[in-house]
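Sequence first, predicted model second:
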Amino acid sequence: MNKEKLLKIISHYGLKKQLKYIHTEYFELDEAVLSGDKEHIAEELADVFVMLNQIIFYFGIDQTMLQVIADEKIERQLKRIEEE
């Protein structure tokens, strides 16, 4: 993912507009998942991925920190599953 290009996009449109736009992308992903069309799902996942990366780069979120947090959340959910 090209950080400079994504920062150019979010700088051009502004954070507030991009945060509103990400909701459209989430909705389109939801619709794609419900359709079950693998290619459509991949396309919409890519759109959401691009938007998320704009936010990650804009706020300077550390990728390693993000992975650690995600791993913790996965472990917490697996623990909940075991307790069911």
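Nice, thanks for sending it over. Only a predicted model underlies this, so the values are computations on that prediction, with no experimental measurement involved. Residues are numbered from 1 along each chain as shown.

Nearest to the middle of the protein, which residue? Look it up for me.
Leu52 (3.8 Å; C-alpha atoms, centre = their mean).

three-state assignment of that one?
For Leu52, the assignment made with DSSP: H, G, I helix; E, B strand; the rest coil gives helix.

any idea how far the nearest residue to it once chain neighbours are set aside lies from Val68?
Nearest residue to Leu52 in three dimensions, chain neighbours excluded: Ile22, at 7.6 Å (C-beta to C-beta, 6 or more residues apart in numbering). Just so you know, the C-beta spots here come from the backbone N, C-alpha and C atoms, and that holds for glycine as well. Distance of Ile22 to Val68, given as C-beta to C-beta, to the nearest Å: 23 Å.

who's more crowded, those two?
Ile22 (17 against 11; other C-beta atoms under 10 Å).

quick one, what contacts that one?
Residues near Ile22 by C-beta atoms under 8 Å, 6 or more residues apart in numbering: 48, 51-52, 55.

hmm, which of those are the buried ones?
Buried residues within the contacts of Ile22, counting neighbours by 16 or more other C-beta atoms under 10 Å: 48, 51-52.

Dump the residues you listed into a markdown table; add distance to Glu75 as well.
Compiled in a markdown table, these are given as follows (distance: C-beta to C-beta, whole Å):
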| residue | distance to Glu75 |
| --- | --- |
| Val48 | 24 |
| Met51 | 27 |
| Leu52 | 22 |
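
Any chance of these in CSV with pLDDT and distance to Ile41 as columns?
As requested, these are arranged in CSV below (pLDDT from 0 to 100; distance: C-beta to C-beta, whole Å):
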residue, pLDDT, distance to Ile41
Val48, 98, 11
Met51, 97, 16
Leu52, 97, 16
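
Closest one of the residues you listed to His12?
If you rank these by distance to His12 using C-beta to C-beta, Met51 comes first, at 14.0 Å.

re the thing from before, with the buried ones among the contacts of Ile22 in mind, which one is nearest to Lys16?
Using C-beta to C-beta, the buried ones among the contacts of Ile22 come closest to Lys16 at Met51, 13.5 Å.
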